[in-house]
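Asks: Sequence plus predicted model, see below.
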Amino acid sequence: MDGKIIIEELMEYAKDHLDLAPIDEIYFKNVLLSKLKVDSPYEGEKLDLSYIKDLDRPDLIVNKLKEYLLENKIVDEEHLDIFIVDIFGILSPLPSKINEEFIKLKKESPQKACDYLFNLSIANYYIQKTAIEKNLMWTYRPTNSNKYLEITINLSKPEKNNKDTAKLLTIKQDKKYPLCLLCKENEGYEGTLTHPARRNIRTIKLKLNGENWFMQYSPYAYYNEHCIVINEDHHPMKIDETTPIKLVNFVDYLPNYFIGSNACLPIIGGSILNHEHFQGGLHLMPMHYATIRKHFTSSEFNDLELGILDWYNSAIQINGKNKENVIKLAQKIIKTWENYDDLDNEILSHTDNTPHNTVSPILRKENDIYKFTIILRNNRCNEKYPDGIFHVHPEYHNIKKESIGLIEAMGLFILPGRLKRQFNEIEDMLCGKTKYDETSLNKPTNDLFVHKDMIKKLFNAKKYITKEEANKLVIDYVNDACTHILENTAVFKDTPKGQQGFEKFLNNISLTAM
């Protein structure tokens, strides 16, 4: 592999896809010569580099670069990705230039500005499109229901459990740089073996409720144009009266995107609780297509459409053009729910001074109408459900044990990558390719131990079928489990008692059923 030719390819790629200006060519070529330990640039016959313009991702060049770096022992395999990210970060426009271009394009169209940043994040190897495309995804549309779920098996991000997430809140925050994965100091950070390389990340500066925030894209891209909106100040997640204002500020600035916040408590929050942030994007979630199943009225908010959303968990929908009233009602719901108890429905807002009630708020703007969804959450545990009364119940832990955060609450399930391997083994067992051994499955050391009850149920229902039929059985099981998981998170169940409790809560904030 010729380092000089790779440098020519990198330069051509940067000109075509990373806005490298002709005036900067010599400078960056010299930087690459130094990084790749090459004495002088290519001077041979003219290279045909026309194919580079048509690339929709840098993988072809990345693979050549990796081969060259390892062959010439410039970097070891362990540090290879850090080195590659460094190269693409160097060749990417500076943050100031990105923000200038974003603001300029936003005057034409918010979506055009977002497309610019998103496409550049793919082009500079920050969003690794090929890895993300390996994720498995399907849609589950149950019969006799307008609701549906999107289910993915994620192969591009490591798993986290609730205990690891809760620990983030107790770690001393003066021992690390950057303090966490979301801090503004990640922009341009070289990375280490324990902290991902972020030389190539680029962010957009924002003002939300007078505070300094910034927007970046998620490198894991769970859905189309998956963005993360982050407070510049490193402090824990919080949901309070300022949250609706910040969400409204965001959709006023980028009305093409939805925005929402994870709950701010362990078990029901996301995987990062120690830094305030929102998530949003272009993709409309299954929840966004749900309709109001029971309408409510209010003399104070008579210009708003209000009601209980026809959704798996306990969600309140607020629709209206009056921004001030949308914010005011959202604030009222959040504040009332914080201290609301309903022992008939197992809802206790506090244990001593420990809070349990919070919300997952989600907002989008459609034809000047603010569509605000507030999902009621509670993270209390008891003896029967030590991981959470309104968390995934134990019988579904083999499918999903981690926090049910904002994205799942809206109907997009992100299941752990281990399931791809395990499901394949289960399918082999169901179609007789491998032996069903109940004794072996009952051993905790068995990789399929967590699925033993699922396997027994499926094996007793149908055995020695085709691989395709076995796959359908497994998928059907997962679809059913995901439906029940979201129902587990509902604080007011879809039962007469649960819905009476829901209505009672809404009556408590002066909302009356129509």
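Replies: Noted; the coordinates are in hand.
Asks: number of nearby residues for residue 351?
Replies: 10 (other C-beta atoms under 10 Å). Placement of C-beta: from N, CA and C, glycine included.
Asks: So the spatially closest residue to it that is not a sequence neighbour, which state does it fall into?
Replies: Spatial nearest neighbour of residue 351, chain neighbours left out: residue 380 (6.9 Å); criterion: C-beta to C-beta, 6 or more residues apart in numbering. With DSSP: H, G, I helix; E, B strand; the rest coil as the basis, residue 380 sits in coil.
Asks: tell me the centre residue of the chain?
Replies: Centroid-nearest residue in the chain, with C-alpha atoms, centre = their mean: residue 222, separated by 5.4 Å.
Asks: Just give the closest residue to residue 265, not the sequence neighbours.
Replies: residue 379 (4.7 Å).
Asks: The one you found and residue 267 touch, don't they?
Replies: Yes. The criterion here is C-beta atoms under 8 Å, and residue 379 meets it with residue 267 at 4.3 Å.
Asks: okay, and the common contacts of the two?
Replies: Common neighbours of residue 379 and residue 267 are listed as 388, 391 (criterion: C-beta atoms under 8 Å, 6 or more residues apart in numbering).
Asks: Low-confidence regions, the stretch 401-514 of the chain specifically.
Replies: Across the stretch 401-514 of the chain, nothing is flagged by pLDDT under 70.
Asks: That one: strands as residue ranges?
Replies: 412-415, 512-513 (DSSP state E, counting those that start in this stretch).
Asks: what's next to the shortest one, contact-wise?
Replies: Strand 512-513 is contacted from outside by 294, 295, 296, 297, 298, 503, 506, using C-beta under 8 Å, 6+ apart.
Asks: Dump those to JSON lines, plus secondary structure and distance to residue 431.
Replies: Converted to JSON lines, these look like this (DSSP: H, G, I helix; E, B strand; the rest coil; distance: C-beta to C-beta, whole Å):
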{"residue": "294", "secondary structure": "strand", "distance to residue 431": "46"}
{"residue": "295", "secondary structure": "strand", "distance to residue 431": "49"}
{"residue": "296", "secondary structure": "strand", "distance to residue 431": "51"}
{"residue": "297", "secondary structure": "strand", "distance to residue 431": "56"}
{"residue": "298", "secondary structure": "coil", "distance to residue 431": "57"}
{"residue": "503", "secondary structure": "helix", "distance to residue 431": "49"}
{"residue": "506", "secondary structure": "helix", "distance to residue 431": "50"}
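Asks: List only buried entries from the residues you listed.
Replies: The neighbour-count test (16 or more other C-beta atoms under 10 Å) marks 296, 298, 503, 506 as buried among the contacts of strand 512-513.
Asks: From residue 310, how far out is the second one?
Replies: Spatial separation of residue 298 from residue 310 under the definition C-beta to C-beta, to the nearest Å is 20 Å.
Asks: Name the SS class of residue 152, please.
Replies: Applying three-state DSSP: residue 152 is strand.
Asks: That one against residue 414, yeah?
Replies: Yes. If you go by C-beta under 8 Å, residue 152 and residue 414 touch, sitting 5.6 Å apart.
Asks: what do the two both touch?
Replies: In contact with both residue 152 and residue 414: residue 222, using C-beta under 8 Å, 6+ apart.
Asks: So between those two, which is more surrounded?
Replies: A side-by-side neighbour count of residue 152 and residue 414, using other C-beta under 10 Å, places residue 414 first with 22 against 16.
Asks: Surely the more buried one and residue 226 touch.
Replies: No. Here residue 414 lies out of contact with residue 226, judged by C-beta under 8 Å, at a distance of 10.8 Å.
Asks: hang on, isn't residue 417 packed against residue 155?
Replies: Yes. Counting by C-beta under 8 Å, residue 417 touches residue 155, with 4.4 Å between them.
Asks: Helix, strand, or coil at residue 279?
Replies: Assignment for residue 279 (three-state DSSP): strand.
Asks: dump the residue contacts of it.
Replies: 218, 226, 227, 228, 229, 259, 260, 261, 262, 270, 406, 407.
Asks: give the contact list for the residue nearest to residue 265.
Replies: 263, 265, 266, 267, 268, 356, 358, 388, 390, 391.
Asks: Make TSV out of those and add secondary structure, distance to residue 69 and neighbour count.
Replies: Formatted as TSV, the contacts of residue 379 follow (DSSP: H, G, I helix; E, B strand; the rest coil; distance: C-beta to C-beta, whole Å; neighbours: other C-beta atoms under 10 Å):
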residue	secondary structure	distance to residue 69	neighbour count
263	strand	43	27
265	coil	44	22
266	coil	41	18
267	coil	43	24
268	coil	44	29
356	coil	51	23
358	strand	47	26
388	coil	46	22
390	coil	49	27
391	coil	45	28
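Asks: Let me know the pLDDT of residue 1.
Replies: At residue 1, the pLDDT value in this model is 72.
Asks: That one: neighbour count?
Replies: Residue 1: 13 neighbours (other C-beta under 10 Å).
Asks: what's the neighbour count on the closest residue in space to it that isn't next to it in sequence?
Replies: Nearest in space to residue 1, with sequence neighbours left out and distances taken as C-beta to C-beta, 6+ apart, is residue 68 at 4.1 Å. The number of residues packed around residue 68, counting by other C-beta under 10 Å, is 18.
Asks: Same check on residue 382?
Replies: 10.
Asks: next one: residue 230
Replies: Neighbours of residue 230 under the rule other C-beta under 10 Å: 26.
Asks: same thing with residue 289?
Replies: Neighbours of residue 289 (other C-beta under 10 Å): 12.
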